[in-house]
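Student: structure for this input, please:
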Amino acid sequence: MRAVAVALVLLYHARIPLLTAGFVGVDVFFVISGFLITGMLVREVESRGRVSLARFYARRAKRLLPAAALVLVVTAVLVRLLVTRVDRPIFAGDISWASLYAVNWRLANRSVDYLAEDIGVSPVQHYWSLSVEEQFYLVWPLLLLVVAWWVRRSGWSVRAAMAAALSLVAIPSLAWSIALTRREPSLAFFVTTTRMWELSIGAFLAIAAPTLALLRRPTAAAIAWLGLAAVVASALLYTTRTHWPGTAALLPTLGTAAVIGGGPAAERAGPILLLGTRPMVRIGALSYSLYLWHWPLLVVVTARWPELSPLAGLGVLAVATVLAWLAYRLVENPIRRAPAMARTRWLPLSIGAGLSLIGFASGLFVAQRSHPEMAETGRPLGAAVLADHPRDDPAGRPVDRVEWFVPDPLDAPKDAPMGCQAHINESDVKTCTFGDPRGRTTVALVGSSKALQWAPAFDVIGRRRGWRVVTYAKSGCAFADAMSGYKDEPYESCRTWTKAVLARLLAEKPDLVVTSHGNWAALVDGKVVEKAQGIAAMADGLQRYWQALQSEGIAVAALSDTPYPPNSLRVIECVAENPGHLTACAFNRRSNRGGTAAQREAVAKTPGVHWIDLNDAICPTAHCAPIIGNVLVYRQGSHITATYIETLAPRLEAALVPILHDYSSDRGAAAPASGAAAPSRPRR
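Tutor: Numbering: from 1, shown residues only. So this is what the prediction gives:
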């Protein structure tokens, strides 16, 4: 079954068309691991009446760590030599976290980070499953210590007590897996808590092994063959759009359990007829090394040749097989079978700790980088070098080289307002205050990260004008009475969030609401529709919320979405790799996507809503320059650096002041006659 599991994973990653869900091989591995490790622990408790943690972890260390550390070191070298400067620091962190068997949590956080979507695929992403296993085996042996104590005191059988203890892990984990997968499948895929039930299935098998061995041969054979068919069917029928793990993972995991549970009693009538052949046994023996080696090679190759054909993918797997065999013969087996390793428990543990430190240090090696010197001058920066009417201004055209610029592309992802945004899986309203916290005029900046990116400019204006600026932002979420989509699925937490924000705004009544977003369209009946229909649905949703604000006397302004680079261009990566050929990082202004079309349509249909478009100062010419006025314009995707946004503050201020002036005039005109008390407006 190890051979089946690793074959499914490898062929799926090599882009073999038929295997639409070869990732189920990892779930097969979880069940196998739970069965083997628990079987060993059961026998130890039955024979010794206790569990030796030192012996257990020593066995794990000498089995897993030599090969894992070797692959991390080789991967670190490949990353240092071949990966772009922008991704290097991120992958360095991944390598260090992988060495500590915790990278799954790092990947889980990244999976729901809207601003991390353009980060390349991690070369150690496959270590997430190893991390899940090792975290499980931190908990399970400790729980068995309690079981052994309880058995000695109560007289329960070892296996009954272990089954009861295991239920305390498996049942909550399965329930949480189903719940979180429905709500946030990207997060559920990586976290340990949604996967522990899969290892528990294998553990239950080990506990029930004596009973399963009594099955009648025909019955056992039928169960085992049906189980193998279920595993293969899941790899062929599921797709990447299947929410995982959740209930869908029951098919391959229970299928694996059926093969393992029915196999011994079925004997030669069962799947051992296929799985027991010499090629399958040899692949199974190499499965751990194959799993470790194949992914970094595929990531490096696809980084250079993104359109990797299935045939080329098989070629990469062939190279991985050779490396896996060499590592198995020259590293894994010699260390594991060394006589010194068997004489004491502490030697494997100390060597394992050393290997983990080597893996961690490999990440630090990759992270090292030089910090280029940036000139400090008193001359204008960014949009300040552009004319008052910047369209076609030569100062904004793309050039091949500049003497210096800020920020460094490696630091650009952090050149943004931080900590003021509800993430993808959050619906609670999170606010931050900029400008003058005691200002009598309140401006609310509302929408997605494309709205929040303007906070640095609002902060400058607010401090100068005495405005209190409050931000309401959520990743990828348009402030509209419409269903936004995230990865083509209904973005339910966004819908909940926008309703809560509208209620807050209507209660607090700011003087002005400025809103922006990057969603080009809304879903209709929960589905992606033709572009014009989706834009119209989004525009209608914007209009309904804007009119709700206007009905309470709140001024509304729409701030245009910013120009989008094409999907194939990561501006900061391009700038980092092409400092002498920056025109390679420019892109056609007409490639603009995003929320602008829906915003314009909504403004046209909603009298009184103001339109603010500063894109001529972001992209003045037909091709958008990556650097203007010695300032890097873009960070992730189509987001603008905070440094450049700050240089747009005077232009934004010129647009906002007349809006608030007109609003104040309207309020004055509507004031009660002399002697009558003016109604107070509620403020926070």
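Student: R216: neighbour count?
Tutor: Neighbour count for R216, taken as other CB atoms under 10 Å: 10. Backbone N, C-alpha and C define where each C-beta goes, glycine included.
Student: actually P334, not the one I wrote
Tutor: 12.
Student: helix or strand: which one has it?
Tutor: Here P334 sits within helix 333-336, counting by DSSP states H and E.
Student: give the other helices and strands that that helix contacts.
Tutor: When contacts are defined as 3 or more CB pairs under 8 Å, 6 or more residues apart in numbering; DSSP states H and E, helix 333-336 sits against helix 53-82.
Student: count the residues that sit near Y12.
Tutor: 20.
Student: give me the below-cutoff pLDDT ranges for this protein.
Tutor: The model of the chain has pLDDT under 70 over residues 112-118, 368-378, 591-592, 664-684.
Student: about what we covered before: for the helix holding P334, which residues meet the burial criterion?
Tutor: With burial defined by 16 or more other CB atoms under 10 Å, the residues of helix 333-336 counted as buried are I335, R336.
Student: next one: the next helix or strand after it to chain centre, how far?
Tutor: Counting by DSSP H and E, the next helix or strand C-terminal to helix 333-336 is helix 339-343. Centre-to-centre, helix 339-343 and its host chain are 42 Å apart (CA atoms, centre = their mean, to the nearest Å).
Student: likewise stretch 98-106?
Tutor: Offset of stretch 98-106 from its chain centre (CA atoms, centre = their mean): 14 Å.
Student: please apply the same query to stretch 264-279.
Tutor: Its chain's C-alpha centre and that of stretch 264-279 lie 40 Å apart, by CA atoms, centre = their mean.
Student: for that stretch, how far is the first residue from the last?
Tutor: End-to-end distance for stretch 264-279: 20 Å, by CA to CA, to the nearest Å.
Student: re earlier: need the contact partners of the helix holding P334.
Tutor: K62, R63, P66, M341, I351 (CB atoms under 8 Å, 6 or more residues apart in numbering).
Student: please redo it, this time with the cut-off set to 10 Å
Tutor: The set of residues external to helix 333-336 that reach it, using CB atoms under 10 Å, 6 or more residues apart in numbering, is 59, 61-67, 285, 327-328, 341-342, 348, 351, 355.
Student: contact partners for the spatially closest residue to T239 that is not a sequence neighbour?
Tutor: Nearest residue to T239, sequence neighbours excluded (CB to CB, 6 or more residues apart in numbering): T20, at 4.6 Å. T20 makes contact with Y12, A235, L236, L237, Y238, T239, T240, R241, T242 under the criterion CB under 10 Å, 6+ apart.
Student: let me know the closest of these to D408.
Tutor: T240 (35.1 Å; CB to CB).
Student: quick one: contacts for that closest one?
Tutor: Y12, T20, A21, F23.
Student: touching, L355 and V71? I think so.
Tutor: No: with contact defined as CB atoms under 10 Å, L355 does not count as touching V71 (11.1 Å).
Student: next, count neighbours for S167.
Tutor: S167, neighbours per other CB under 10 Å, totals 12.
Student: brilliant, that's me finished.
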